[in-house]
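**Q** model this:
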Amino acid sequence: MKRFRADLHIHTVLSACADLEMSPVNIVNCAKEKNVDLIGITDHNSTFHCSLVKELAEEEGISVLCGAEVTTREEVHCLAYFSDLATLDNFQKYIDRHLPLIPYLPEHFGYQAVVDREDRIIRLVEEYLNVGLSQTIDQVEQEVHRLGGLFVPAHVERQMFGIFGQLGFVPDTLLCDAMGIMQRSAEAEVRSKFRIAVSMPMIKASDAHALSAIGSACTWFEIAEPTFDEIKKALKGEDGRKTSIE
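**A** Residues are numbered from 1 along each chain as shown. Just a heads-up that it's a prediction; the model follows:
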């Protein structure tokens with residue numbers, strides 16, 4: 001087995017709350033400088049930059065887990081990851097069907113830019129992305145798993161947008177592949193406070209909205225290679241694969 005350092009919660013300039021410097025090429029270069037082997041691209045309710053980041057990262061020997069940070073109807077932020085771009089596209093269609101059409105006002109919300117590998121703006125997304133879908137957390141989780149993806153409630157200890165802050169509990173029917181925690185949080189304290197079973201995997205990630213944050217919180221994956229299937233095995237603790245928080 002090999003050890004891979006992973007930051008699986010990173011936003012690009014497509015997320016209105018991210019800095020304009022968070023272009024795909026800058027993210028990849030920064031990850032390389034900070035010795036991050038595996039990055040997760042998780043823009044708010046959008047997967048549009050994943051393919052370009054993946055292309056650029058592979059040129060630099062960095063692996064990418066493609067996905068999105070979905071906001072549910074209850075305003076819980078959840079990370080969804082998928083094995084290939086075709087499945088990712090199907091999930092994007094699901095998001096598009098259930099995203100409320102709120103006019104995009106950059107002076108209030110920030111820019112939502114889609115850029116190319118030279119950082120040139122291709123277009124600005126016209127619908128505001130950082131809103132709750134019309135789907136409940138259970139419905140989102142079921143769609144993610146129907147498509148063979150991984151479902152991870154994000155920054156669970158946050159008062160706003162965390163599953164405990166928004167719902168107060170984890171529904172018995174909800175199937176989570178892991179739970180995400182923030183940079184400054186200690187795993188043991190979060191588990192104790194919210195009574196999270198030891199059997200539930202946890203990942204720590206930066207939730208980077210600026211280049212300086214990339215790699216500031218990471219998870220180690222002990223796997224044969226940095227692929228979706230190996231990551232899935234590590235989260236399940238299968239075949240000697242495992243995770244640990246940095």
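**Q** Distance of the nearest residue in space to Ile10 that is not next to it in sequence relative to Ala31?
**A** Nearest non-adjacent residue to Ile10, counting by C-beta to C-beta, 6 or more residues apart in numbering: Ala208, 4.7 Å away. No exception for glycine: its C-beta is placed from N, CA and C like everyone else's. Using C-beta to C-beta, to the nearest Å, we find Ala208 at a distance of 10 Å from Ala31.
**Q** residue contacts, the residue nearest to Ile10?
**A** Asp7, His9, Ile10, His11, Met22, Ile214, Ser216 (C-beta atoms under 8 Å, 6 or more residues apart in numbering).
**Q** Specify which member of these is nearest to Phe151.
**A** Nearest to Phe151 among the contacts of Ala208 is His9, at 13.8 Å by C-beta to C-beta.
**Q** Could you list the residues in contact with the lengthiest helix in the chain?
**A** The helix that spans the most residues within the chain, counting by DSSP state H, is helix 85-98. The contact list for helix 85-98 (C-beta under 8 Å, 6+ apart) reads 45-48, 50-51, 54, 66-68, 70, 80, 82, 133-135, 143-144, 147-149.
**Q** Quick check: buried residues in the helix or strand where His9 lies?
**A** Element membership of His9 [criterion: DSSP states H and E] is strand 2-10. Neighbour-count burial for strand 2-10 flags Phe4, Arg5, Ala6, Asp7, Leu8, His9, Ile10 (criterion: 16 or more other C-beta atoms under 10 Å).
**Q** what does stretch 16-27 give?
**A** Neighbour-count burial for stretch 16-27 [16+ other C-beta under 10 Å]: Ala16, Ala18, Asp19, Met22, Ser23, Pro24, Val25, Asn26, Ile27.
**Q** Stretch 42-57 too?
**A** So for stretch 42-57, counting by 16+ other C-beta under 10 Å, buried means 42-54, 56-57.
**Q** Stretch 109-124 now?
**A** Phe109, Gly110, Tyr111, Gln112, Ala113, Val114, Val115.
**Q** shouldn't the fifth one be in contact with Leu20?
**A** Put plainly, it is Ala113. Yes. If you go by C-beta atoms under 8 Å, Ala113 and Leu20 touch, sitting 7.5 Å apart.
**Q** shared neighbours of those two, anything?
**A** Val13.
**Q** List of residues touching the lowest-mean-pLDDT helix or strand in the chain?
**A** Least confident helix or strand, the chain: helix 106-109 with a mean of 78, by mean pLDDT, DSSP states H and E. With contact meaning C-beta under 8 Å, 6+ apart, helix 106-109 is reached by Ala16, Gln112, Leu124, Tyr128, Asn130.
**Q** nearest to Tyr104, of those?
**A** Tyr128 (5.2 Å).
**Q** residue contacts, the closest one?
**A** Contacts of Tyr128 by C-beta under 8 Å, 6+ apart are Ala16, Ile102, Pro103, Tyr104, Leu105, Phe109, Gln112.
**Q** Give me the phi and psi for it.
**A** With angles defined as degrees, to the nearest 10, Tyr128 sits at phi -70, psi 130.
**Q** For the residue nearest to it when sequence neighbours are not counted, give its distance to Gly40.
**A** Nearest residue to Tyr128, sequence neighbours excluded (C-beta to C-beta, 6+ apart): Ile102, at 4.3 Å. Here the criterion is C-beta to C-beta. By it, Ile102 lies 26 Å from Gly40.
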